[in-house]
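**Student:** next one to model:
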Amino acid sequence: MTLKDIAQIIFGVKEQTSYSRINGLEAVTVTLVNDTQANLIDLSHKTLSVIKTLNDNLKSQGVEIVVQNNNAQIMEDNLNEIIHLAVTGGILAILVLWFFSA
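**Tutor:** I've put the predicted structure just below:
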């Protein structure tokens, strides 16, 4: 199965329907959407690594890729907070049990 079997493919330039600017400079907006089976945090780390490499290569041409929104970072911060709270709660539970058993 190829892409043409499930989608209509059109080659050319899309008509500009909106403008995107960052710090007063023209920008191209790209949104990455992950597959439901993909690990969003892993995908984010790999994408940021590629962006860093691209920025190093494109710097001489005056082009920079900027990440404006990274939902994976929020998700990763929340997971780290949950782990921290679970460890703290476990330690407090052990201390309370030890205190009352002594």
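
**Student:** drop to CA atoms for contacts and neighbour counts, all remaining ones
**Tutor:** Fine.

**Student:** so in the protein, which helix runs the longest?
**Tutor:** For the chain, the longest helix by residue count, based on DSSP state H, is helix 71-101.

**Student:** list the buried ones in that one?
**Tutor:** Neighbour-count burial for helix 71-101 flags Ala72 (criterion: 16 or more other CA atoms under 10 Å).

**Student:** over to stretch 5-12?
**Tutor:** Going by 16+ other CA under 10 Å, stretch 5-12 has no buried residues at all.

**Student:** for it, the averaged confidence score.
**Tutor:** Stretch 5-12 carries an average pLDDT of 73.

**Student:** now stretch 38-46
**Tutor:** Mean per-residue pLDDT for stretch 38-46: 84.

**Student:** and what of stretch 72-91?
**Tutor:** Mean pLDDT, stretch 72-91: 94.

**Student:** got the contact list for stretch 47-56?
**Tutor:** For stretch 47-56, the surrounding residues in contact (CA atoms under 8 Å, 6 or more residues apart in numbering) are Val63, Glu64, Ile65.
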